[in-house]
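In: Structure for the following, please:
(chains A and B)
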Amino acid sequence: MNSNQLKDLKLKANEIRRLIIEALDGANHNTGSGHTGGPLGMADVFAALYFNFMKHDPQNPDDPDRDRLLLSNGHICAVLYSSLALSGYFPTSELKTFRGFETRLQGHPHRGVLPGLENTSGPLGEGLSQAIGIALARDIDKKTYTVYCATSDGEHQEGNIWEAVMLAGKLKINNLIQIIDFNNIQIDGPVDKTMPLEPFRAKYESFNWHVIDIDGNDMKEIVDAISQAKEIKDKPVIIIARTIPGKGVSFMEGDYRWHGMPPGLKDVSGAPPKDEQVAVAFKEIEEERKKIIMGKA
Amino acid sequence: MLNPNLKLNTKLFDVDVEKKPTRAGFGTGLLALGKKDKNVVGLCADLTESTQMNLFADAFPERFFQVGVAEQNMAAVAAGLGVTGKTAFISSYATFSPGKNWETIRTTIVYNKANVKIAGHHSGIMTGPDGATHQATEDIAITRCWPGIEVYVPCDAIEAEKATIASAKTQKPVYLRYSRDKTPLITTADTPFEVGKLQDFWVSENPQVTIFATGYMLYYALVAAKELEDEGINTIAVNVATIKPLDSNEVLKFTNQTSAVVTVEDHQITGGMGSAIAESLAKTNPLPIEFVGMQDVFGETGTPAQLLKKYKMNPEAIKEAVKRVIRRKR
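Out: Purely as a prediction, here's the structure:
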């Protein structure tokens, strides 16, 4: 991938971040709720998937040969909705209905009501199993599409995930790429204090998975990792994307309190007054956009 | 008398009536589906032979997935298959699936509208020696409350095969309930089976009470009906093979003449088939009802006969319930 292509993807990630803030601003107005940290942290990975790697057609969302992305930790759906809207599955103006009454953008995603959604999720630990099921159906049908599954570190405390990890390792499922948002936050605080997962790589390797460990906010590392993952033909792959929650908005970065809170809801220590939070977030994202264009980010 | 129009087993009341477990009907039904449709797949959590999925697994190893003792994973993997053009059957004991994996099924199969059929085995105290941990007596309650699912409880192995095959005709999720022990064959290959339809297996002139029964307990309801007739008490006994959908007009049709009801099931009386009948009648024609089933208690180890007697679910108990409800008639 040349530097212009990389720059384009960074701009897509930047645009996704702007749309995430739009969606969450809408959610705050609609119902005073929403998750911010996770979606901002995963914007780079989603940009790489939807605007470089995935074979998909917003005009034909049910194409049987499309690549699939399943979001397992459904609460970060603002990044998925923003990526789908930016891809053209539905108008970006609809993002502001997020978490409102009678919206297609449910608080946690529901397959069937919005084009581009592959699964219903929210309750943690269930997406990887569904991704395996789709991959098994694909293999029976002798198709070749890739199944991606976005998961989180916190949800790896669910037993169901490890049941799925065992099965995928046993069946040596090919062309199944899990990307875990390893951001070390969960509702009650840091993951490594709530219920530590390390040594994480060793756990997956012992279950016969191929493991790639990257900076999940570095576009070049993301692109290289997914490219490498697609070359692995004899086992499932996990990309450990070590991300910064709230990435791109300085007062949210690394702060677990933004896990389940939208900007504009509350005055929070270390953040601008609530009425200025959205504007500050937009401003920082715009500054980042200019830096990317100038080749400085 | 047994309804002559339904081509039921004429030897039903013989001492040596032929018996088979309803799970056998699941095994042969799934095998037949597998032969007919290459999109039928099966998943099992380490109970392949016990739940009779081995017939399918042996015939179609490329469409069978052994997931190990992992019922949540089994459900969600099946959901993935079910949204990708497959008709997925998952099989385990009902206490584990849909028991242990209830929320997984709710989210990934039912709400997610995945084409998955949940086969729950070893239902009821009929599971006997394994004890209450393995006797599912709540599974009807926890499945029929889900929007968009169907719930079938076949009365014998022959109907179990028909119900299994019928479940694949809809894209909806279906819960299928089977039991472990051998029970009498009530129906024959020629007995009609239709989802949503109730059938009066026992008919009589001027009946006083309608007995609704589901699963193998229908046999004991029929025995009770026959013995009551000898005592001069006429009843109708209705097979509730599909608890959801339940057609309120059908319920009304079989209660208009009698104005009193007894429900019979190997399940807790809270939330099961009896509750479904009561909900229906409460909206259309409130009537006195007696509920035969598990009375808010867990089962225990024992033979099915010992347990049915102790928990007041044998023909004697059904007859007493009929007499009680007659006394309550206005």
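In: switch to C-alpha atoms for all contacts and neighbour counts from now on
Out: Fine.
In: in the stretch 201-330 of chain B, what residue is nearest chain A?
Out: Closest residue of the stretch 201-330 of chain B to chain A, CA to the nearest CA: B:Pro245 (23.0 Å).
In: what's the burial count for that residue?
Out: 15 (other CA atoms under 10 Å in any protein chain shown).
In: which residues does the residue nearest to it when sequence neighbours are not counted contact?
Out: Distances taken as CA to CA, 6 or more residues apart in numbering or on different chains place B:Gly196 nearest to B:Pro245, at 5.2 Å, with adjacent residues excluded. B:Gly196 makes contact with B:Thr242, B:Ile243, B:Lys244, B:Pro245, B:Leu246, B:Asp247, according to CA atoms under 8 Å, 6 or more residues apart in numbering or on different chains.
In: Can you show me the strands along chain B?
Out: B:19-20, B:40-44, B:64-66, B:87-93, B:116-121, B:150-152, B:174-177, B:183-184, B:199-202, B:209-213, B:235-239, B:242-244, B:261-268, B:289-294 (DSSP state E).
In: can you tell me how far the residue most central in space within chain A sits from A:Cys77?
Out: When CA atoms, centre = their mean is applied to chain A, the residue found nearest the centroid is A:Met42 (4.5 Å). Using CA to CA, to the nearest Å, A:Met42 is found at 10 Å from A:Cys77.
In: tell me the SS of A:Gln178?
Out: Of the three states, A:Gln178 takes strand under DSSP: H, G, I helix; E, B strand; the rest coil.
In: wouldn't it be in contact with A:Cys149 here?
Out: Yes. Counting by CA atoms under 8 Å, A:Gln178 touches A:Cys149, with 4.6 Å between them.
In: Neighbour count for these two, which is higher?
Out: A direct count of neighbours by other CA under 10 Å for A:Gln178 and A:Cys149 places A:Gln178 higher, at 27 against 23.
In: just the buried members of the contacts of B:Gly196?
Out: Neighbour counting with 16 or more other CA atoms under 10 Å in any protein chain shown marks B:Thr242, B:Ile243, B:Lys244, B:Leu246, B:Asp247 as buried within the contacts of B:Gly196.
In: where does the third one land on pLDDT?
Out: At B:Lys244, the predicted lDDT confidence score is 98.
In: what sits against A:Ile140?
Out: Here A:Ile140 is in contact with B:Glu62, B:Arg63 (criterion: CA under 8 Å, 6+ apart).
In: Quick check: residues of the stretch 101-250 of chain B near chain A?
Out: The stretch 101-250 of chain B comes close to chain A at residues B:Thr104, B:Thr107, B:Thr108, B:Tyr111, B:Asn112, as judged by CA under 8 Å from any CA of the partner chain.
In: May I have stretch A:107-123 as PDB, with CA atoms only?
Out: Taking Å, rounded to 0.1, in the frame of the first residue of the first chain, the C-alpha atoms of stretch A:107-123 are listed here in PDB:
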ATOM      1  CA  GLY A 107     -28.900   0.900  21.100                       C
ATOM      2  CA  HIS A 108     -27.300  -2.400  20.300                       C
ATOM      3  CA  PRO A 109     -27.400  -3.600  16.700                       C
ATOM      4  CA  HIS A 110     -30.200  -5.700  15.400                       C
ATOM      5  CA  ARG A 111     -29.800  -7.700  12.200                       C
ATOM      6  CA  GLY A 112     -32.500  -7.200   9.700                       C
ATOM      7  CA  VAL A 113     -33.600  -3.700  10.500                       C
ATOM      8  CA  LEU A 114     -30.600  -1.900   9.000                       C
ATOM      9  CA  PRO A 115     -28.800  -3.000   5.900                       C
ATOM     10  CA  GLY A 116     -25.200  -4.200   6.400                       C
ATOM     11  CA  LEU A 117     -25.700  -5.700   9.800                       C
ATOM     12  CA  GLU A 118     -24.700  -9.400  10.000                       C
ATOM     13  CA  ASN A 119     -25.700 -10.200  13.500                       C
ATOM     14  CA  THR A 120     -27.600  -9.000  16.500                       C
ATOM     15  CA  SER A 121     -25.300  -8.300  19.400                       C
ATOM     16  CA  GLY A 122     -25.000  -6.700  22.800                       C
ATOM     17  CA  PRO A 123     -24.900  -9.500  25.300                       C
END
